[in-house]
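J.: just need the structure, nothing else, for what follows:
(one chain, ligands or ions: 2)
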Amino acid sequence: MEIHSAAHSYQALVGVGLLGRLGECLRKCLPRETCAIISDSNVAPFFADRVKRGLTSAGFKPTLITIPAGEKSKTIEQAGAICDQMIAGGLDRQSFVVGLGGGVIGDISGFVAAIYHRGIPQVQIPTTLLAMVDSSIGGKTGVNTAAGKNLIGAVHHPSLVIDDVDVLKTLPRREFNQGFAEIIKHAVIVDAEMFAALKEKKTRSPRRPLALQSLIRRNIEIKSKIVAKDERDRTGERAILNFGHTVGHGIERAGDYQEFLHGEAVSLGIVAACAISIKKAGLPRDQRDAIVDLLRRFDLPTQLPRDFPREKIFEALPYDKKFESGNIRFVVAPRIGSAHLSSDVTLDDIREAVASL
Ligand SMILES: NC(=O)c1ccc[n+]([C@@H]2O[C@H](COP(=O)([O-])OP(=O)(O)OC[C@H]3O[C@@H](n4cnc5c(N)ncnc54)[C@H](O)[C@@H]3O)[C@@H](O)[C@H]2O)c1
Ligand SMILES: [Zn+2]
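T.: Ligands and ions are numbered 1, 2, ... in the order given. Sure, this is the predicted structure:
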């Protein structure tokens, strides 16, 4: 698939067996030699050797850098440590980065590529469903700070994205399911037809590579089209991708990034956003129920545990990027397949929605 960004156009390849043809895929778009493969401690044992061999046999000189798996690694310190290893490995302005992993690796490796020698190319090889349908597309890269998620970052589009659905076979079920939170989000904000399709069983047994490939393609198309309209998140058009994320990020942080995965927190955030959408945008109650039902079908959480520290969710909110100069910018959905930014949502509305979770 061809993806257009303000800086350049690039391809996203979606298929099976692509890791085996890596060298050939990369040679076409990267006439460079040295590169850093950035991966994590879970993913590297499965795929790093194959990726390294593929690159070496095509004439590239890769250096493998492995960081501990998990959101806690997405920090400025870790990005600095990666840069240090790249310097020690002799990588320069002519080198490029290959991010091999889920969204955490995509975000931090993309960020490293954006700042190393003021920017070098990057190739993304997403290994989670969430990274394939969401984080590898759109050029947002970054790291977290103690104050909140993704507060430091850069827009830096990849030169190539390689989605080999075979790599999803080793992904734990819980991780697989969380990718559907972003897919369901896409369906709710712009694609009622995909929403209906997701209710059918055959789309929901997605270890079937063909069904999965077309679902991934459709989601890449949705995300890249929205991003192309508003790459720098200025006009509000891109902001609709944050549906479910205002509360979702708060929940993720309140759970210290341990209790819920990103997609799980987003699932809960979507339920809260639906409650607010009923009140502020006229979302019909039966459509809210259909959304919650679909989330449940993928074993995604739709209720907070009774003892969850709800108050902590609000501690994170003021730091959230979606709060500009005191106004709460909140994405609401008036119906399945449509969403917009509202400035009509108050902190009390959010409190009420969280209390009912
Ligand atoms: N840049 C964006 O636009 C954007 C969009 C959405 C999410 N994100 C970010 O993405 C991150 C979440 O992404 P994620 O869910 O992919 O997290 P992740 O990268 O932590 O991956 C989830 C877990 O699965 C493991 N894993 C990955 N691929 C595997 C495979 N094929 N087999 C076995 N294990 C595998 C990882 O090691 C990790 O433990 C968050 O940091 C979020 O902020 C960014
Ligand atoms: Zn997300």
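J.: residue nearest the centroid of the protein?
T.: To find the centre residue of the chain, average its C-alpha atoms and take the closest one (CA atoms, centre = their mean): that gives residue 135, at 2.8 Å.
J.: identify the residue spatially nearest to residue 4, adjacent ones excluded.
T.: Of all residues not flanking residue 4 in the chain, residue 228 sits nearest, at 5.5 Å (CB to CB, 6 or more residues apart in numbering). C-beta: built from backbone N, CA, C; applies to glycine.
J.: surely that neighbour meets residue 2?
T.: No. In terms of CB atoms under 8 Å, residue 228 does not count as a neighbour of residue 2; the distance is 11.2 Å.
J.: between these two, which one's more packed in?
T.: Applying other CB atoms under 10 Å to residue 228 and residue 2 shows that residue 228 carries more neighbours, namely 15 against 8.
J.: separation between the more buried one and residue 101?
T.: As defined by CB to CB, to the nearest Å, residue 228 lies at a distance of 25 Å from residue 101.
J.: with residue 4 instead?
T.: When CB to CB is the yardstick, residue 4 and residue 101 sit 25 Å from each other.
J.: also residue 193?
T.: Looking at residue 193 against residue 101, where the rule is CB to CB, the gap reads 31 Å.
J.: the two: which has the busier surroundings?
T.: Between residue 193 and residue 101, residue 101 has the larger neighbour count (other CB under 10 Å), namely 30 against 11.
J.: isn't that one up against residue 40?
T.: Yes. In this structure, residue 101 sits in contact with residue 40. The criterion is CB under 8 Å, and the distance is 4.9 Å.
J.: and the residue of the stretch 151-300 of the chain nearest ligand 1?
T.: For the stretch 151-300 of the chain, the residue positioned closest to ligand 1 under CB to the nearest ligand atom is residue 170, at a distance of 3.6 Å.
J.: ok, now which ones touch that residue?
T.: residue 46 (CB atoms under 8 Å, 6 or more residues apart in numbering).
J.: can you check residue 61 too?
T.: With contacts defined as CB under 8 Å, 6+ apart, the neighbours of residue 61 are 33-35.
J.: one more time with 7 Å
T.: Remark: with contacts taken as CB atoms under 7 Å, 6 or more residues apart in numbering, residue 61 is in contact with 33-34.
J.: let's verify the closest residue to residue 1 other than its chain neighbours: helix, strand, or coil?
T.: By the measure of CB to CB, 6+ apart, the closest residue to residue 1 outside its immediate chain neighbours is residue 12, 4.7 Å from it. Here residue 12 is strand, with the state taken from DSSP: H, G, I helix; E, B strand; the rest coil.
J.: for residue 12, what are its contacts?
T.: For residue 12, counting by CB under 7 Å, 6+ apart, the contacting residues are 1, 3, 137, 161, 163, 220.
J.: let's see 6 Å
T.: 1, 3, 161, 220 (CB atoms under 6 Å, 6 or more residues apart in numbering).
J.: from those, which land in helices?
T.: Cross-referencing the contacts of residue 12 with the helices (criterion: DSSP state H) gives residue 220 as the overlap.
J.: list the contacts of the helix or strand containing the residue nearest to residue 4.
T.: Taking DSSP states H and E as the definition, residue 228 sits inside helix 209-229. The set of residues external to helix 209-229 that reach it, using CB under 6 Å, 6+ apart, is 1, 3-4, 12, 14, 16, 132-133, 137-138, 163, 165, 183, 186, 190, 203, 206, 237-238, 241.
J.: only the buried residues of it, if you could.
T.: Within helix 209-229, the residues that count as buried by 16 or more other CB atoms under 10 Å are 211-213, 215-224, 226-227.
J.: how much space between the residue of the stretch 151-300 of the chain closest to ligand 1 and residue 50?
T.: Residue 170 sits 12 Å away from residue 50, going by CB to CB.
J.: next up, the contacts around the closest residue to residue 58 other than its chain neighbours.
T.: Taking CB to CB, 6+ apart as the measure, residue 58 lies nearest to residue 23, with 2.4 Å between them; neighbours along the chain are not counted. Taking CB under 6 Å, 6+ apart as the definition of contact, the neighbours of residue 23 are 54, 57-58.
J.: could you measure from residue 23 over to residue 56?
T.: Here the distance between residue 23 and residue 56 works out to 8 Å (CB to CB).
J.: ok, residue 179 next?
T.: Separation of residue 179 from residue 56 (CB to CB) stands at 31 Å.
J.: same thing with residue 310?
T.: Relative to residue 56, residue 310 is positioned 51 Å away (CB to CB).
J.: those two: who's more crowded?
T.: It is residue 310, of residue 310 and residue 56, that has more neighbours when counted by other CB under 10 Å, with 16 against 12.
J.: how much space separates that one from residue 182?
T.: Using CB to CB, we find residue 310 at a distance of 24 Å from residue 182.
J.: please apply the same query to residue 245.
T.: Residue 245 sits 10 Å away from residue 182, taking CB to CB as the criterion.
J.: counting neighbours, go ahead and name the busier of the two.
T.: In this comparison of residue 245 against residue 182, neighbours counted by other CB under 10 Å, the higher total goes to residue 182 at 28 against 24.
J.: please, where are all the strands along the protein?
T.: In chain order, the chain shows strands spanning 2-4, 9-15, 34-40, 61-67, 96-101, 122-126, 140-145, 148-155, 160-164, 323-324, 327-328, 330-335, 338-342, with DSSP state E as the criterion.
J.: direction included, what does the last one pair up with?
T.: In the sheet containing strand 338-342, the strands it pairs with under DSSP bridges are strand 330-335 (antiparallel).
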